[in-house]
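Enquirer: Sequence below, structure please.
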Amino acid sequence: MSDRYLAPAASHRYVLDLVRGADRDRFLGALFAPEPARRDLLALLAFDHELARTRTVTREPMLARIRLEWWREAVGEAAGVGKPRAQPIVESLSETVRRRLLRPQDLIALIDAREEEIEGPLDVLRAGHALADLELSVLGAGDEASRHAARAVAAAWLMGEGPERDAMLAEARALGREVDPAALPILLPALSLGDIGAWRKPLAYWWAARRGRY
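Expert: Next up is the predicted model:
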């Protein structure tokens, strides 16, 4: 699909700092993935963060659509050949896309899900499933149990508190004995949707990862 590409070290550092500051709970989960999967997860989370910001950085629907179109073009470059545009997230994402042979349409599916949010509510299932599928591709976890659990956790992450979210998390946790351990880095953030103090999270993630729980 494309040639090999290595992003500048400064771009990877930018992505790491961005996700650590803006999405700490999922950042902690990504730390449990081995390299280079860890770097790839961070690139996807940074990409997702930028898409999610669309609704907050502009209230004008036309400008929001232009912003998302910019990202569609960037995805095309990421999956293409040659150097992508000089933007840290695009550069890191390009390395991930080419290393994992991710399909452009799978990344565009995440953009399309966020476009719906410009003038209406976010479809949490569509957006969550799109991100989970990309993350599973990075982690090499393709079994049905892992896919089901990861999609449930990703969708629950986008929901407010309530019985629907609780049911979705319970459904994901019921698959705990069946999921591929490789998928744990994207399942561990389910812990943060419970009653756990911020200072306890790193240790809680570590202990849960050791036991294969989430």
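
Enquirer: can we go C-alpha only for contacts and neighbour counts from here?
Expert: Will do.

Enquirer: Spatially central residue for the chain, please.
Expert: For the chain, residue 45 is the residue whose C-alpha lies nearest the centre (CA atoms, centre = their mean; 4.0 Å).

Enquirer: so what's that residue up against?
Expert: Contacts for residue 45 (CA atoms under 8 Å, 6 or more residues apart in numbering) come out as 19, 23, 26.

Enquirer: Ok, residue 191 next?
Expert: Contacts of residue 191 (CA under 8 Å, 6+ apart): 204-205, 214.

Enquirer: Please state the offset of the least confident helix or strand in the chain by mean pLDDT from the chain centre?
Expert: Counting by mean pLDDT, DSSP states H and E, the chain has its least confident helix or strand at helix 54-57, which shows a mean of 88. On the basis of CA atoms, centre = their mean, to the nearest Å, helix 54-57 sits 18 Å off its chain's mean C-alpha point.

Enquirer: contacts for that helix?
Expert: The contact list for helix 54-57, computed with CA under 8 Å, 6+ apart, reads 64, 67-68, 117-118.

Enquirer: Could you measure from the residue nearest to the centre of the chain over to residue 166?
Expert: Distance, residue 45 to residue 166, using CA to CA, to the nearest Å: 23 Å.

Enquirer: Kindly report the same for residue 60.
Expert: Residue 60 sits 34 Å away from residue 166, going by CA to CA.

Enquirer: Could you check which of these two is surrounded by more residues?
Expert: Neighbour count, other CA atoms under 10 Å: between residue 60 and residue 166, residue 166 has more, with 16 against 11.

Enquirer: which element is the more buried one on?
Expert: Per DSSP states H and E: residue 166 is located in helix 163-173.

Enquirer: most neighbours, which of the contacts of residue 191?
Expert: Neighbour count (other CA under 10 Å) singles out residue 205 as the most crowded of the contacts of residue 191, with 25 neighbours.
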